[in-house]
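Asker: I need the structure of the sequence given here:
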Amino acid sequence: MKVLEKIKILYQNFKGLSTISTATLITSGLGALFWFYMASAMGADAYGQISYFIAIAIIGSRISLLGLGNTMMVYTAKGVKIQPPIYLIAILGSIITSLILFFVFLYDVGISLYVIGFVAFTLITSDLLGRKQYKNYAKCIISQKIILIILSVSLYHIIGLTGVILGIAISFLPYSFVIYKEFKNTKIDFSLIRS
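Answerer: Model prediction:
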């Protein structure tokens, strides 16, 4: 009987970790299938071009985040209502970065939307992890990957290479309502950021 109790306790202690791991494995598998399909559909030259633009968008996104995803996760776990000021700072940073990238990279809306969407999505998932809402986190990242695949493949066949980046960018945006709800329900308190 003690062995069964130990197994049950072990399972309960690692339930969140197993949920996150399973979701990560599923999204990695879906991502691999998606990129294999895209590589075969578009050819090496176009695939390299898409990879280049996505790398630029990721660099812009990471600069815009300024480590705020980790800050969100840590302070949310401690019960500090830090979400609204972090959302505001990061979204403003991502808008500035996306405008710079828009003018530098020949008015590509996909790259600009990618930066804003990626920043918003990263903050939302960091908030979910900080609140220990592991099932919601898993649902969020899996559904985002499914939306990404459907939109990117569809838009690729409709408008070409730009459609791939645009599909990825749009896949991040359905979760932005969380940020809107947070702004609506909670006052922005910058004193939390100063401390």
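
Asker: centre of the chain versus the longest helix along the chain, how much separation?
Answerer: Of all segments of type helix in the chain, defined using DSSP state H, the longest is helix 15-65. Helix 15-65 has its C-alpha centroid displaced from the chain centroid by 11 Å (CA atoms, centre = their mean, to the nearest Å).

Asker: Which strands or helices does the helix or strand following that helix pack on?
Answerer: Per DSSP states H and E, helix 15-65 leads on to helix 68-77 as the next helix or strand towards the C-terminus. Applying 3 or more CB pairs under 8 Å, 6 or more residues apart in numbering; DSSP states H and E, one finds that helix 68-77 contacts helix 83-104, helix 109-130. In short, each C-beta sits where N, CA and C put it, glycine included.

Asker: now the longest helix of the chain against helix 68-77, angle please.
Answerer: An angle of 130 degrees separates the directions of helix 15-65 and helix 68-77 when computed by axes from the mean of the first three to the mean of the last three CA atoms, to 10 degrees.

Asker: lowest average confidence, helix or strand, in this structure?
Answerer: Of all the helices and strands that make up the chain, helix 191-194 has the lowest average by mean pLDDT, DSSP states H and E, namely a mean of 66.

Asker: neighbours around I159, how many?
Answerer: Counted by other CB atoms under 10 Å, the residues lying close to I159 total 13.

Asker: swap in V104?
Answerer: Each residue near V104 was counted by other CB under 10 Å, and the total is 12.

Asker: where does it land on pLDDT?
Answerer: The score at V104 is 84. That number is its pLDDT.

Asker: how about it, what does it touch?
Answerer: The neighbourhood of V104, defined by CB atoms under 8 Å, 6 or more residues apart in numbering, contains no residues.

Asker: try it again with 10 Å
Answerer: If you count contacts by CB atoms under 10 Å, 6 or more residues apart in numbering, V104 has them with 56, 60, 111.

Asker: Repeat that for T27.
Answerer: 138, 141-146, 148.

Asker: Any figure for the gap between it and V178?
Answerer: Taken as CB to CB, to the nearest Å, the spacing of T27 relative to V178 amounts to 19 Å.

Asker: Repeat that for S40.
Answerer: Note on S40: its distance to V178, by CB to CB, is 35 Å.

Asker: And those two? Which one has more around it.
Answerer: Here S40 and V178 are set side by side on neighbour count (other CB under 10 Å), and the busier one is V178, at 19 against 9.

Asker: tell me the pLDDT at that one?
Answerer: At V178 the predicted local distance difference test score is 84.

Asker: same question, G16
Answerer: 78.

Asker: so it sits right up against Y134, yeah?
Answerer: Yes. Using CB atoms under 10 Å, G16 is in contact with Y134, at 4.2 Å.
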